[in-house]
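1. how does the following fold in three dimensions:
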Amino acid sequence: MKGHAWHARIECGGSVLGAGFLVSPTTVLTCAHVVAGDDSEGLTVSFPGRRDLAGVRATVAVHGGWAGGDTDPGDLAVLELAEQVPLRPAGFAPPGTEQGLPAPPLEAYGFPEGYDADGQIAEYRAVSAQRIADEWVQLEAVTGHGQPLRNGFSGAAVTLKDGRVVGMVAQMAAEPDVRVARMLPTDVMARYWPALGELVPALADGPDPVRRLYGLVRRAAAEGLKARPERLFVDAVGDFGPEPPPGGFDTLMAAVRYVQWEVPEPAEALTRFADRLTELLDGPAAPTGTASPATDPAAWAPILVEIDRSGAGQDQVRVAVSAYREGHRRPVDTVRLTRAEVQRYVQRGIDEAFSHLAPDADELLTFVLPRDLLDLPVAHWACSADDPTPLGCAHPVVVADGARYRSNRLRHQLGKKWQRLSTGSTTTVHRVDCDTPDHPFGLRRHLRRTEAELAGFARPPNAAPEKFEEVLNMPVPILLWSRSGCPGDAGHRAPCTGSTFLDALTARLQGVPPAELPRHVQALREDALADEDPDGHWARDIQLLWDAPHCFPGPPASTHTPVS
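-> Predicted coordinates for the structure are as follows:
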């Protein structure tokens, strides 16, 4: 018993009722049925591994709700000792450690008849990861001989060979020749005594986030921090994590416990939860540099709105909103909507995303769109139901091509192009006029030879789909066009609306650094809105595709869609 003296024996009036284990200097866990007798007020707890310690009086402080039946749930009791005991409490293993191929041998230290003074050790294994009635893990003996689990083992800790606890013995077979039993795993025990959660680590080795996070939640409560648990939950689990439960969370602690027990392999999510909560309590970390968007596109703080076909019908789209803070993506929400519902949802999602940005951040609203929706008038959408200001006038608004956003090849090439762009102060507009020949690959060859960084189009995408397709499939990071540009009708006269747009664009972009274009285009939209003839202003319908991969890292790989 060296080092494991926390194994406890539960007694009453000189009779042994069962087993238990010490989890704090004054707290012992056991089964509710062990202490269910009428004389439970005379409970004492002793520790066979330390015979020099006298029995300590105990009372039932928490009852798991067990109703008395053999298969009733909630068979857990928390005993409060009348005084502290000088023993190191039990340590716990991460949930699910009892599973494996092969399953590791497990031990239980109990007090069956004939061995109630010193106890016996039984060796068992978990049969399956499948829970019985979502409550118990089934155990069976490692061998056909040795100590079976019998009366006196109820409430005993089930441990790995190194002594770390994975559960508690709760039920045993009534037949003497059947060597099976059931244990309550630690996550089920925590349903009935939530304070156990702080004692169960998420990682077997290395710094564990659990105790840190529980401490931060207590601090947040003491300081009266106003934070939405659902928002922190989404930050923690990421784009492809589970949805919050119906009704959300009443408290921060409820969100933490949901992540701890319901998210598979929760260590990373718990760490992100703790990091985000630390930011809210202490403020953002001090900036490490003084880069500005004028010199470095990565200095922008993007709010990303991804719109894509959902696969559930022509009118159904998937919309995901997220924010970037110090290069880390913070998901806001992912939903499936009809096309008519998108604008209202995006207004709310963008407003929510702003709460994730640092106070001094330069926001960049980026719409990642399918190729056939690149001309969507997102810059004209109102800021909110109460504020009719166009988004493109209130904030820098750009679009990005969804296919390029998901292409590692093109993102790599675009990243190299931006490295070259960062060494210069201006860029040149390479015109794609309405009379540019549609020769296959001709435009591609011209833009590649001239090392084009910005292409201006006289026609919108629906009027020149082949040209846009050709340019989007090569690393030209910046594209500009007018949504009301030249329609491309045969025999139209020059100058047309498209050429007029390109003439004005070339003049106005002279000397503008590439990384500053989103802000510059915002100013052009404001000029158009304030013009005496806003509908006739050349920049009224300007659309900017601005592809800087190091500004917003790409999406994580996934084998499934998070929207059912």
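2. now do K417: how many residues are near it, please.
-> 21 (other C-beta atoms under 10 Å). Glycine gets a C-beta too; all of them are placed from N, C-alpha and C.
3. numbering from 45 from now on, please.
-> Noted, 45 is the first residue going forward, which turns the last one into K461.
4. that one belongs to a helix?
-> Yes: applying DSSP: H, G, I helix; E, B strand; the rest coil, one finds K461 inside a helix.
5. quick one, what contacts it?
-> By C-beta atoms under 8 Å, 6 or more residues apart in numbering, K461 lies in contact with E497, P519, V520, P521.
6. which of those lies closest to T480?
-> V520 (14.2 Å; C-beta to C-beta).
7. so where's the stretch 145-294 of the chain shaky on pLDDT?
-> 218, 220-221, 283-284 (pLDDT under 70).
8. residue boundaries of the strands in it?
-> Counting by DSSP state E, counting those that start in this stretch, the stretch 145-294 of the chain has strands at residues 150-154, 164-170, 181-185, 201-203, 209-216, 224-229.
9. wait, which of those is closest to A423?
-> Distance to A423, taken as C-beta to C-beta, is lowest for strand 224-229 among these, at 53.3 Å.
10. what angle separates the closest one from strand 150-154?
-> Strand 224-229 and strand 150-154 are oriented at 100 degrees to each other (axes from the mean of the first three to the mean of the last three C-alpha atoms, to 10 degrees).
11. that's a helix at H564, yeah?
-> Yes: assessed by three-state DSSP, H564 belongs to a helix.
12. what about it, distance to L553?
-> 7 Å (C-beta to C-beta, to the nearest Å).
13. who's more crowded, the two?
-> Taking other C-beta under 10 Å, H564 and L553 do not tie; L553 has more neighbours (21 against 14).
14. the more buried one and V473 touch, don't they?
-> Yes: taking contacts as C-beta atoms under 8 Å, L553 lies within contact range of V473: 5.8 Å.
15. any common contacting residues for these two?
-> Common neighbours of L553 and V473 (C-beta under 8 Å, 6+ apart) are L498.
16. quick one: buried residues of stretch 440-456?
-> For stretch 440-456, the neighbour count (16 or more other C-beta atoms under 10 Å) marks P440, V441, V442, V443, A444, D445, G446, R448, Y449, L454, R455 as buried.
17. so the last one sits right up against R448, yeah?
-> Going back to what we said before, that points to R455. Yes: at 7.2 Å, R455 counts as touching R448 under the criterion of C-beta under 8 Å.
18. okay, now T187: neighbour count?
-> For T187, the count of nearby residues is 8 (other C-beta under 10 Å).
19. follow-up on the earlier one: among the buried residues of stretch 440-456, name the ones in strands.
-> Among the buried residues of stretch 440-456, DSSP state E puts V441, V442, V443, A444, D445 in strands.
20. just checking, A201 touches G154?
-> No: between A201 and G154 there is no contact under C-beta under 8 Å: 9.6 Å.
21. tell me which of the two has more neighbours.
-> A201 (30 against 27).
22. what sits closest to that one if chain neighbours are left out?
-> F65 (4.0 Å; C-beta to C-beta, 6 or more residues apart in numbering).
23. report how many residues lie close to the one you found.
-> 23.
24. what is it paired to in the beta sheet?
-> H51, L73 (DSSP bridges).
25. for E167, same thing?
-> E151.
26. strands of the stretch 445-594 of the chain, start to end?
-> For the stretch 445-594 of the chain, strands defined by DSSP E, counting those that start in this stretch occupy the ranges 473-476, 498-501, 522-526, 586-590.
27. for those, which one sits closest to R275?
-> Here strand 586-590 is closest among these (C-beta to C-beta), at 27.6 Å.
28. and that closest one, average pLDDT?
-> For strand 586-590, the mean pLDDT works out to 96.
29. show me the contact partners of it.
-> Against strand 586-590 from outside (C-beta under 8 Å, 6+ apart): 410, 418-419, 423, 441-445, 504, 521-527, 545, 549, 561-562, 565, 568-569, 572.
30. out of the residues you listed, which are buried?
-> 410, 418-419, 423, 441-445, 504, 521-527, 545, 549, 561-562, 565, 568-569, 572.
31. give me the domain ranges for the protein.
-> The chain breaks down into these structural domains: 45-235, 245-326, 343-590 (assignment by automatic domain parsing).
32. reformat these as a markdown table; add distance to F596.
-> A markdown table is the format used below for the domains of the chain (distance: least, C-beta to C-beta, whole Å):
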| stretch | distance to F596 |
| --- | --- |
| domain 45-235 | 34 |
| domain 245-326 | 13 |
| domain 343-590 | 4 |
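33. and T103, how many neighbours?
-> The burial count for T103: 13, using other C-beta under 10 Å.
34. quick check: closest non-adjacent residue to it.
-> E124 is the one closest to T103 (C-beta to C-beta, 6+ apart), at 5.4 Å.
35. secondary structure element for that neighbour, which one?
-> Using DSSP states H and E, E124 maps to strand 121-125.
36. helices or strands up against that strand?
-> Contact partners of strand 121-125 among helices and strands, from 3 or more C-beta pairs under 8 Å, 6 or more residues apart in numbering; DSSP states H and E: strand 71-74, strand 87-90, strand 100-107.
37. isn't V379 right up against V386?
-> No: between V379 and V386 there is no contact under C-beta under 8 Å: 9.6 Å.
38. now the common contact residues for these two.
-> With C-beta under 8 Å, 6+ apart, V379 and V386 have common neighbours V363.
39. more neighbours, those two?
-> V386 (19 against 16).
40. got a list of what the more buried one touches?
-> By C-beta under 8 Å, 6+ apart, the contact set of V386 is I351, V361, V363.
41. W305 too?
-> W305 touches P139, D231, A234, G241, counting by C-beta under 8 Å, 6+ apart.
42. name the helix or strand for it, please.
-> helix 296-306.
43. for that helix, buried residues please.
-> L296, M297, A298, A299, V300, R301, Y302, V303, Q304, W305.
44. who's V181 bridged to?
-> M227.
45. my read: it touches M227, true?
-> Yes: taking C-beta under 8 Å as the definition, V181 is a contact partner of M227 at 5.2 Å.
46. give me the common contacts of those two.
-> With C-beta under 8 Å, 6+ apart, V181 and M227 have common neighbours A170, G211.
47. in the chain, which spans are helices?
-> 230-236, 253-267, 273-281, 296-306, 311-326, 386-398, 435-438, 446-449, 452-465, 486-493, 509-516, 541-552, 561-574 (DSSP state H).
48. residue nearest the centroid of the protein?
-> Centroid-nearest residue in the chain, with C-alpha atoms, centre = their mean: V281, separated by 1.8 Å.
49. what pLDDT does T471 get?
-> Note on T471: pLDDT of 68.
50. how about R503?
-> 91.
51. residues contacting it?
-> V476, C478, K511, W525, G529, C530, P531, G532, G542.
52. what subset of these is buried?
-> Neighbour counting by 16+ other C-beta under 10 Å classes V476, C478, K511, W525, G529, C530, G532, G542 among these as buried.
53. between those, which is nearest H400?
-> Checking the buried ones among the contacts of R503 against H400 with C-beta to C-beta, the nearest one is W525 at 31.1 Å.
54. nearest residue to that closest one other than its sequence neighbours?
-> W525 sits nearest to F501 (C-beta to C-beta, 6+ apart), 3.9 Å away.
55. picking up where we left off before, need the buried residues of helix 296-306 in CSV with distance to E85 and pLDDT, can you?
-> Below are these laid out as CSV (distance: C-beta to C-beta, whole Å; pLDDT from 0 to 100):
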residue, distance to E85, pLDDT
L296, 37, 93
M297, 32, 94
A298, 34, 94
A299, 38, 94
V300, 35, 95
R301, 32, 95
Y302, 37, 95
V303, 39, 95
Q304, 35, 95
W305, 33, 93
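56. now these as TSV including distance to G486?
-> As requested, the buried residues of helix 296-306 are exported to TSV (distance: C-beta to C-beta, whole Å):
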residue	distance to G486
L296	60
M297	63
A298	61
A299	57
V300	59
R301	62
Y302	57
V303	55
Q304	59
W305	60
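57. mutual contacts of A201 and G154, please.
-> Joint contacts of A201 and G154 (C-beta under 8 Å, 6+ apart) are A63.
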